[in-house]
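1. with the sequence up front, the predicted model follows.
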Amino acid sequence: MTGPREIVAEPLTREAFAPFGEVIDTNGADSFPINQGRTERFHALATMELLGDDPRGILSIFRGQPLDPLEITLMERHSLGSQAFVPINDGAFLAVVAPPGEFDEAAVRVFLVRGAQGVSYRAGTWHAPLLPLFADSDYLVVDRQGPGNNCDEIELARPIAPVFPSR
Ligand SMILES: NC(=O)N[C@@H](O)C(=O)O
Ligand code: NI
């Protein structure tokens with residue numbers, strides 16, 4: 001069968017995303033007041049992984065464009081560190097993921113990340129490069145810099161086309 005393989009996007013929940021990483025979302029998260037009660041701290045929503053020699057955690061901003069047509073042909077992984085994406089201007093995006101280890105196309109899942117949510121991919125989680133959904137959007141990205149190969153890419157045998165459940 002030719003043409004892209006359609007995968008239905010799932011809502012992002014901590015439980016469903018657990019095999020791939022962590023969800024960065026104040027909803028359902030513990031918090032406590034700081035700064036004389038003027039600030040609520042939603043503490044440790046995700047934990048950075050910094051592996052290999054001389055790793056450094058860095059913060060970057062990615063200004064991403066939607067993929068049109070929405071067909072994913074490549075996945076990648078970062079074996080030496082986690083990678084987190086947090087929308088700066090509410091840009092919803094897709095987290096297209098597969099479990100760490102040997103890549104299995106049949107295990108690919110698609111999650112809809114709403115603008116108020118972010119994700120942190122666990123080290124080694126296969127994922128599609130940043131996929132804003134509707135417009136050019138900025139994301140705070142927290143990941144690892146340092147020596148060693150921290151990006152493996154794989155071409156998909158068949159493109160993946162995320163589709164969205166009818167209401
Ligand atoms: N290459 C790069 O820095 N970005 C990717 O890792 C990505 O997941 O978007
Ligand atoms: Ni990446």
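-> Perfect, thanks for sending it. The structure presented is a predicted model; accordingly, all values stated were derived computationally and were not measured. Ligands and ions are numbered 1, 2, ... in the order given.
2. any low-confidence regions in this protein?
-> Judged by pLDDT under 70, the chain has its weakly predicted residues at 1.
3. near ligand 1, which residues of it show up?
-> For the chain, the contact set with ligand 1 under C-beta under 6 Å from any ligand atom comprises 76, 83, 127, 129, 130. In this view, the C-beta of every residue, glycine as well, is placed from N, C-alpha and C.
4. which of the residues you listed fall in helices?
-> Among the residues of the chain next to ligand 1, no residue falls in helices (DSSP state H).
5. so what's residue 4 up against?
-> Each residue near residue 4 by C-beta atoms under 8 Å, 6 or more residues apart in numbering is listed here: 71, 158, 159, 160, 161.
6. what about it, distance to ligand 1?
-> Between residue 4 and ligand 1 the computed distance is 20 Å (C-beta to the nearest ligand atom, to the nearest Å).
7. related to what we said a few turns ago, now flag whichever of the residues of the chain next to ligand 1 is closest to residue 17.
-> Taking C-beta to C-beta as the measure, residue 17 lies nearest residue 127 of those, at 11.3 Å.
8. give the buried residues for stretch 106-116.
-> Neighbour counts using 16 or more other C-beta atoms under 10 Å place 108, 109, 110, 111, 112, 113, 114, 115 of stretch 106-116 among the buried residues.
9. state the helix or strand in which the fourth one lies.
-> Using DSSP states H and E, residue 111 sits in strand 109-113.
10. now for that strand, which elements pack on it?
-> Counting contacts by 3 or more C-beta pairs under 8 Å, 6 or more residues apart in numbering; DSSP states H and E, strand 109-113 is packed against strand 5-8, strand 10-11, helix 14-17, strand 93-98.
11. quick one: buried residues of whatever helix or strand comes next after it?
-> Of the helices and strands lying after strand 109-113 in sequence (DSSP H and E), the nearest is strand 118-121. Using 16+ other C-beta under 10 Å as the test for burial, strand 118-121 gives 118, 119, 120, 121.
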